[in-house]
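Colleague: Give me the fold of what follows.
(3 chains)
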Amino acid sequence: MRLLQNLRRTATICACIAGTLTFAETATAQAPDMPGQALAFDRAKGNCLTCHDIKGGDAPGNVGPPLADMKKRFPDRNALAAIVFDETRRNPLSVMPPFGRNLILTREEIESVVDFLYTR
Amino acid sequence: MARVLSLCMMALLAALAGHAAAADAIDPGSDFKAFRDYFIKRFPDVPLDDFVNGPYSMDADLRKQWQAIDDFPPYDFAVDRGKAMFATPFKSGKSYGDCFENKGIGIRQNYPYFDEATGKVVTLELALNRCREANGEEPYSYVKDEMASLTAYMAFTSRGKRFDIRIPSDPRALAAYQKGEEYFYTRRGQLNFSCASCHVQNPGNHIRTEVLAPALGILAAMPIYRSEWNGMGTISRRFVTCNSQVRGVPLAPQDELYRDVEYFLTYMGNGLPVAGPGARP
Amino acid sequence: MMMRRLVAITAVTLATATAALAAASEADFKVALAAAEAAEKDAGALKNRWTVTEDALAAARKAAAAGDFDAAVAGAKKAEALAQASIAQAKEQQEAWRDAVVR
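Modeller: Residues are numbered from 1 along each chain as shown, chains lettered A, B, ... in the order given. Okay, the predicted model is just below:
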């Protein structure tokens, strides 16, 4: 009887701790408000269509290469994320905005965009 | 012995000074040639004079659309208005023509110029407002229709004349030229673009549906009637909007630095014909 | 014994989490805003203010005026980060622009 009471109490406390920790964590690292495709296509966010032809997008620009076969072309996820973060590190004269360095997209948003690009 | 040593010292100092001067030397003539050659090489099928037509020189479809509206150019009203303004005296009794050589007719190709008296670049827009103020009138906004009408008329009377921007061998003029050059190539704004990012690295390419104009002669057709703006745009307006488009806070219209940019950029287009006022999508 | 330890752990966790979530005060906002404005002033001296920094500052001030100091402090910190990024860009470009010149 006493054991059951203790167990129940422990379980409640553990749940509280877990809940609090989750809450505290999300207060800093924010999950993106928009899914990857929306982030990529939105003019105020990735705005990728301005320069890149991407399946599912209309009236794309051609300043950058078309974004297709992405999983095959960029098997290393981190390499692709690095390009979105700051392509000038690879190519100092690149005209691609440094979405990470210049705080255009958060790290989480960049990951979400990479997830989306991997579907193209 | 002492004389030999001092001669050697002088020679050494002269050599060092010469080297330092060469390293810092601003050579607009050399820059001009390199700039022009770059565009000629990149677009071998574009006749040199055609660069002043901006995106139309880059894209055949766009050119057809432009030619279709050229019978009734959208800037006509601005030219007419500018002509009327030129014909209307100020409170002082004088008029715009009195502030310029040749009564302000056929002189667009000489602007901007370096004013050795003040040590600053004078653009056409600045000169027009100075004319107004010298005659007791309020200056016009640099980004609105009155200034656009005046510069449209002055460009129209100068059509076909070849741009002839002078850079005197005055260190202040060379410094102004170089400040303009630096601004042009400096990345700015959250989007990290310089003027060159679009107009040197990507002329003829599309951003969404817009075709980017080449930097060579890019000011030759100003002011422009821009369909996207449903109205006229002066050089000042264009500089300001380009800055905010890359998410950079613009300078004030006709800021000294903007005048230096106009000086550099117009000089790079020397020899090309005045094509203003122009029309753009 | 185990119970007491468990309570201690919970207390520490809750305290830490609460500290991270403690409501910001107007004083906190003033400090954060001052830092953001100072950085933006430096960016201005370099002629490289960003429009988004100005927007973030405005949003932070608006939130403070409405009494939402959590949002106001977050906004001011975001503005400061943007201002610092614009300063870094201007400083790097002071020499880097030369690499782009057509020669």
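Colleague: and B:L257, how many neighbours?
Modeller: A count of nearby residues for B:L257, using other Cβ atoms under 10 Å in any protein chain shown, gives 18. For every residue, glycine as well, the C-beta is placed using N, CA and C.
Colleague: any idea how far the strand or helix carrying it is from the chain center?
Modeller: Using DSSP states H and E, the element containing B:L257 is helix B:256-268. Helix B:256-268 has its C-alpha centroid displaced from the chain centroid by 6 Å (Cα atoms, centre = their mean, to the nearest Å).
Colleague: ok, it near chain C or not?
Modeller: Yes. Legend: contact between helix B:256-268 and chain C by Cβ under 8 Å from any Cβ of the partner chain is shown at B:L257.
Colleague: Which residues does that helix contact?
Modeller: The list of residues contacting helix B:256-268 from outside it, by Cβ atoms under 8 Å, 6 or more residues apart in numbering or on different chains, reads B:28, B:31-32, B:35-36, B:111-112, B:114, B:120-123, B:126, B:163, B:165, B:167, B:176-181, B:183-184, B:195, B:215-216, B:218-219, B:235-236, B:239, B:251, C:47.
Colleague: Need the buried ones from those residues selected in PyMOL.
Modeller: Applying 16 or more other Cβ atoms under 10 Å in any protein chain shown to those, the buried members can be selected in PyMOL as follows:
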select buried, chain B and resi 28+31+32+35+36+111+112+114+120+121+122+123+126+163+165+167+176+177+178+179+180+181+183+184+195+215+216+218+219+235+236+239+251
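Colleague: Out of the contacts of helix B:256-268, name the ones that lie in helices.
Modeller: B:28, B:31-32, B:35-36, B:126, B:176-181, B:183-184, B:195, B:235-236, B:239 (DSSP state H).
Colleague: Contacting chain C as well, which ones from the residues you listed?
Modeller: Among the ones in helices among the contacts of helix B:256-268, chain C is touched by B:D31, B:F35, B:E181 when using Cβ under 8 Å from any Cβ.
Colleague: With distance to chain A and pLDDT as extra columns, can I get the residues you listed in JSON lines?
Modeller: Formatted as JSON lines, these follow (distance: Cβ to the nearest Cβ, whole Å; pLDDT from 0 to 100):
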{"residue": "B:D31", "distance to chain A": "18", "pLDDT": "97"}
{"residue": "B:F35", "distance to chain A": "16", "pLDDT": "98"}
{"residue": "B:E181", "distance to chain A": "17", "pLDDT": "98"}
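Colleague: wait, which of those residues is closest to B:F100?
Modeller: B:E181 (27.5 Å; Cβ to Cβ).
Colleague: Against C:R103, how distant is that closest one?
Modeller: 12 Å (Cβ to Cβ, to the nearest Å).
Colleague: same thing with A:Y118?
Modeller: 40 Å.
Colleague: same check, this time on C:A76
Modeller: Counting by Cβ to Cβ - C:A76 and C:R103 are separated by 44 Å.
Colleague: So for these two, which residue has more residues nearby?
Modeller: C:A76 (29 against 8).
Colleague: dump the residue contacts of the nearest residue to that one once chain neighbours are set aside.
Modeller: Among residues not flanking C:A76 along the chain, C:A32 sits closest, at 3.6 Å (Cβ to Cβ, 6 or more residues apart in numbering or on different chains). Contact analysis of C:A32 by Cβ under 8 Å, 6+ apart lists C:A60, C:A72, C:V73, C:A76, C:K77, C:E80.
Colleague: Quick check: residues of the stretch 151-281 of chain B near chain C?
Modeller: So the stretch 151-281 of chain B meets chain C at B:181-182, B:185-190, B:192, B:194, B:196, B:200, B:244, B:247-249, B:251, B:257 (Cβ under 8 Å from any Cβ).
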